[in-house]
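Enquirer: have a look at this fold, sequence not included:
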C-alpha cells in the first residue's frame, strides 16, 4: 500500500475544497435569491441536497470498489470501499439532519413522510448503518472483507430500486423544490447549487484521501514495528470493523 | 440444477422430520393476527390497512424461516460436505431459496384464509388470483434476499441479529410493492380484481435484479 | 499417468488468521500411496493444514499441489479425489445413515449400489435406517468413515480417524482407511506413537512452523517430547 499516493496532492485538494466551499457560502448568502414561499429557510436546500447526493454517490462508489476487491482479492480495495461507505454514512446522517431541520422550519414537522427523497434516504441509511456492525461481527479479516464487499454490492444495487419504489408509493402533498429541472430552479439558484454540490464533492474526496492516507500510514508503522521489534513490539488489535 | 434438486430434497426431508420451521412460522402469523386485532381494536379491517397488516405478518413469519435456513449446515457440518463435492456451489443458493419459497407457500396457504376469517372484512373471493400473483412475486424476493442474508449471517457472531437487521431494509421496496399491490384487492365495496400493474412491475424488477446479484455473489460467501 | 507425480506438494505454505500465522512456510512432498503423519500440539496448525489440503481453505502464501493440480485454482479438478474425515462427522442427525450416504452419493455422482457396499464394509447395514441421532458415537464414526470413502477417493485426509472406535471396529475399517486402502493418506493423531508406527513420512508442526519433515525412524522420543512440551 502506498500512503504517498493518497497523501500526494492532498494539500492542493484541501485548499481547493476550502475555496470552493467558501465561494459556495458566499453565493448562498449573498447571491442566491430568496425563495418566494419558504424564505430564508430554503437556503438549507444548498446543504441538504448536496449532502444527500454525495452520500448516495459515496455508497455506489463503495459498491464499485467492493467489486474491485472481489475480483482481485487485494485488500486495499476493501479499505477503499470501507472508507467510501463510512464517509457516505457520515455525509448521509448530516444530510438527514439538515433535511429534518428544513422540514421543521418550512413545514412545521421534524419529519415528513410525503417527501420521497427523504424517506428513501432514511431507508438507505438504515441499511448502510448495518455495514459496520456486520464487519465487526466477523472476526477473520479476510472473510470480513469478503462479506462486507458482498454487502456493499447488494446495498449499492438497492439504492436505485429503493428510490423507485418509494417515489411511486409517496403521494405528493407539497410542491417539491427538490427536483433539479430548470423549470423549478431559476439560474441563479442553479449556479449556487452547482457550486455547493462541487464543494461537498471535493470535501468528500478530500476526506476520503485523508482517511486512506492516515490508515495506510498507521498500518505501515505497525508493520515496521513488527519487523523491527517482533510480535511483542505491537499491541494486538482487538476486533475491529475497519479493515486491517 | 440437478444438484440443487438433491439439496432441496434433503432439506425438505429434514424439515418434514423435525417440523421445526414451518409450524412455527404459521403459529407466529396466527398470533400476530390476534395481536393486530387487539392493537388496532377493530373487528374487521379492509383496504390498504388490511394489506399492510397481512404484509407485515408474512414478513415476520418469513424472518423465522430465514433465521433457520442454514442451521443444519452450520451445526452439523453440512457446509464442508457440500463444499467438498464436485458440484456448482450456486446450487446451494438455488436449493435454499427454493426451500424457503416452499415454506412461504405453505405458510400462506394457511395464513391467508386465516386472515380472511379472523381480520378481513371484505371477502377474499374474486380477488384471490390477484392476491396469489402478488404473493408469489413477493415470495421470490423474500426467498432470494432471505437466503443471501441468512448465508451472510451464518459466519458472523451476532447470527440471529444480523439477518433481520440487514434483511429488513433490503426487503423494503418489495414490501412496499406487496402492500400497495394488495391494497386495492382487499377493499370493501369496489375491490379491484387485478393488482395495479406498477407494483407488479416493481416486484418483478426487484426479484430479477436481486436474483441476478445473488447468483453472482453467492460463491464469495462460501469460499474461504 | 506419471507414477512419479507426488500426491501432495507443499511449498512455503502460509496461512494467516488476522495478524497471527496459523501456518508458516510449511513445505513437504508426499509420494503417491504414502502415509504422512502430521504431529503437533493443539493449535500447531494440523487442522488448518488438513483443511487446506481439502481445498476448504486457501493458502495466503506459497503453493499447494494435489495430484499435480494447484489449489485453490484447480480445486474443482481434484475435489472428487479427496476424502475428509474430521472431528465433525458431516452427517445430518435427523436423516438415517442410509439417507445421509445416498445424499453424498448423489452429490458425488456415485451409483446407489455403492451405498450398500460401504454400509456393509463398515458393518452398519442393520442400523442403516435409524436416524443418526440415535446411533452411538462409535456407529456414527463408522458411518462417517463410510461417507468419506464412498466416492473412492485417492487422497484420504484423516483427523483422528480412530476416535470413538473400539479395537474390533478399528480393525474393521482398516481396509477402508488404513494402509491397505492403497490411498495416499494424511493423518493426524493425538497419539504420536500410533501415528509414527504407520507413517512413511512425518511432518511435525510447532506454532505453525514445520520443525521436522522426514522419515519416522529419524524422529525420536526426545523430539516427540519437545514437540509436545
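Expert: Noted; the coordinates are in hand. This structure is a prediction, so every number in the text was calculated from the model and none was measured.
Enquirer: residues touching the most centrally placed residue in chain C, list them.
Expert: Centrality entry for chain C: nearest residue to the mean C-alpha point is residue C:157, 1.4 Å, by Cα atoms, centre = their mean. The neighbourhood of residue C:157, defined by Cβ atoms under 8 Å, 6 or more residues apart in numbering or on different chains, consists of C:50, C:53, C:54, C:82, C:83, C:84, C:85, C:86, C:185, C:186, C:187. C-beta: built from backbone N, CA, C; applies to glycine.
Enquirer: 7 Å - rerun?
Expert: C:50, C:53, C:54, C:82, C:83, C:84, C:186 (Cβ atoms under 7 Å, 6 or more residues apart in numbering or on different chains).
Enquirer: same thing with residue C:183?
Expert: Residue C:183 neighbours (Cβ under 7 Å, 6+ apart): C:153, C:154, C:155, C:156.
Enquirer: can you check residue C:154 too?
Expert: C:81, C:183, C:184.
Enquirer: how would you label residue C:11: helix, strand or coil?
Expert: strand (DSSP: H, G, I helix; E, B strand; the rest coil).
Enquirer: before we move on, the earlier item: so which of the contacts of residue C:183 is surrounded by the most neighbours?
Expert: In terms of neighbour count, residue C:156 stands highest of these at 23 neighbours, by other Cβ atoms under 10 Å in any protein chain shown.
Enquirer: where do the helices sit along chain C?
Expert: Secondary structure of chain C (DSSP state H): helices at C:46-53, C:75-78, C:97-108, C:113-121, C:137-149, C:167-177, C:192-197, C:221-228.
Enquirer: give me the contact list for the third one.
Expert: Contacting residues not belonging to helix C:97-108 are listed as B:3, B:6, B:10, B:13, B:81-82, B:85-87, C:80, C:91-92, C:112, C:114-115, C:118-119, C:124, C:127-130, C:132, C:143, C:146-147, C:150-151 [Cβ under 7 Å, 6+ apart].
Enquirer: what of the second one?
Expert: With Cβ under 7 Å, 6+ apart as the contact definition, helix C:75-78 has outside contacts at B:86, C:55, C:66, C:67, C:69.
Enquirer: closest to chain A out of those residues?
Expert: Among the contacts of helix C:75-78, residue C:55 lies closest to chain A (Cβ to the nearest Cβ), at 16.2 Å.
Enquirer: what residues does chain B have near chain C?
Expert: Applying Cβ under 7 Å from any Cβ of the partner chain, one finds that chain B approaches chain C through B:3, B:6, B:10, B:13-14, B:17-18, B:72, B:76-78, B:80-87, B:224.
Enquirer: report the buried members of those.
Expert: Using 16 or more other Cβ atoms under 10 Å in any protein chain shown as the burial test, those include B:3, B:6, B:10, B:13-14, B:72, B:76-78, B:80-87, B:224 as buried.
Enquirer: residues touching residue A:112, list them.
Expert: Counted by Cβ under 7 Å, 6+ apart, residue A:112 has contacts A:103, A:118.
Enquirer: low-confidence stretches in the chain?
Expert: Here I'm looking at chain A. A:1-4, A:35-38, A:171-185, A:231-234, A:236-239, A:244 (pLDDT under 70).
Enquirer: wrong chain, I was asking about chain C
Expert: C:1-3.
Enquirer: coming back round to it: and which of the contacts of residue C:154 is nearest to chain A?
Expert: Taking the contacts of residue C:154 together and measuring to chain A by Cβ to the nearest Cβ, the closest member is residue C:81, at 25.9 Å.
Enquirer: returning to what we had before: what's the farthest-apart pair in the contacts of residue C:183?
Expert: C:154 and C:156 (8.3 Å; Cβ to Cβ).
Enquirer: so which of the contacts of residue C:183 would you say is closest to residue A:94?
Expert: residue C:155 (57.1 Å).
Enquirer: thought residue C:184 was touching the closest one, still the case?
Expert: Yes: using Cβ atoms under 7 Å, residue C:155 makes contact with residue C:184 at a distance of 4.8 Å.
Enquirer: tell me which helix or strand the residue positioned nearest the centre of chain B sits in.
Expert: Residue closest to the average C-alpha location in chain B (Cα atoms, centre = their mean): residue B:142, at 4.0 Å. Assessed by DSSP states H and E, residue B:142 sits inside helix B:128-154.
Enquirer: now intersect the contacts of residue C:183 with the strands, please.
Expert: Cross-referencing the contacts of residue C:183 against strands under DSSP state E gives C:155, C:156.
Enquirer: possible to save the contacts of residue C:183 as TSV with distance to residue A:100?
Expert: Shown next, in TSV, are these (distance: Cβ to Cβ, whole Å):
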residue	distance to residue A:100
C:153	62
C:154	66
C:155	62
C:156	64
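Enquirer: what's the closest of the contacts of residue C:183 to chain A?
Expert: Of the contacts of residue C:183, the one sitting nearest to chain A (Cβ to the nearest Cβ) turns out to be residue C:155, at 25.6 Å.
Enquirer: how far away is that closest one from residue C:29?
Expert: 14 Å (Cβ to Cβ, to the nearest Å).
Enquirer: cool, residue B:133 as well?
Expert: Residue B:133 is 62 Å from residue C:29, by Cβ to Cβ.
Enquirer: now residue B:21
Expert: 49 Å.
Enquirer: and those two? Which one has more around it.
Expert: A direct count of neighbours by other Cβ under 10 Å for residue B:21 and residue C:29 places residue B:21 higher, at 23 against 15.
Enquirer: contacting residues around that one?
Expert: B:15, B:64, B:65, B:68, B:103.
Enquirer: setting aside sequence neighbours, what's the nearest residue to it?
Expert: Distances taken as Cβ to Cβ, 6 or more residues apart in numbering or on different chains put residue B:68 closest to residue B:21, at 4.8 Å, once the chain neighbours are dropped.
Enquirer: hmm, back to that, shouldn't the residue nearest to the centre of chain B be in contact with residue B:104?
Expert: Yes: contact criterion Cβ under 7 Å: residue B:142 and residue B:104 qualify, at 6.2 Å.
Enquirer: now do the shared contacts for the two.
Expert: Joint contacts of residue B:142 and residue B:104 (Cβ under 7 Å, 6+ apart) are residue B:62.
Enquirer: follow-up on the earlier one: name the helices or strands packed onto the helix holding residue B:142?
Expert: helix A:141-169, helix B:47-68, helix B:90-118, helix B:159-182, helix B:197-222 (3 or more Cβ pairs under 7 Å, 6 or more residues apart in numbering or on different chains; DSSP states H and E).
Enquirer: so can I have a markdown table of the ones you listed showing mean neighbour count and distance to residue C:193?
Expert: Shown next, in a markdown table, are those (neighbours: other Cβ atoms under 10 Å in any protein chain shown; distance: least, Cβ to Cβ, whole Å):
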| stretch | mean neighbour count | distance to residue C:193 |
| --- | --- | --- |
| helix A:141-169 | 22 | 37 |
| helix B:47-68 | 22 | 45 |
| helix B:90-118 | 20 | 41 |
| helix B:159-182 | 23 | 41 |
| helix B:197-222 | 18 | 38 |
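Enquirer: to residue B:32, which of those helices lies closest?
Expert: helix B:47-68 (4.4 Å).
Enquirer: list the buried ones in the helix or strand just after that closest one?
Expert: Downstream of helix B:47-68, the first helix or strand assigned by DSSP H and E is helix B:71-75. Under the neighbour-count criterion of 16+ other Cβ under 10 Å, helix B:71-75 has B:71, B:72, B:73 buried.
Enquirer: check the first one and give its pLDDT.
Expert: Just to be clear, that refers to residue B:71. If you check residue B:71, the pLDDT there is 85.
Enquirer: quick check: it vs residue B:163, distance?
Expert: Where residue B:163 is concerned, residue B:71 sits at a distance of 11 Å (Cβ to Cβ).
Enquirer: how about the last one?
Expert: The span separating residue B:73 from residue B:163 equals 14 Å under the rule Cβ to Cβ.
Enquirer: surely residue C:22 and residue C:47 touch.
Expert: No: using Cβ under 7 Å, residue C:22 is not in contact with residue C:47; the gap is 8.9 Å.
Enquirer: neighbour-wise, which of those two wins?
Expert: The neighbour count for residue C:22 versus residue C:47, taken as other Cβ under 10 Å, is higher for residue C:22 (22 against 17).
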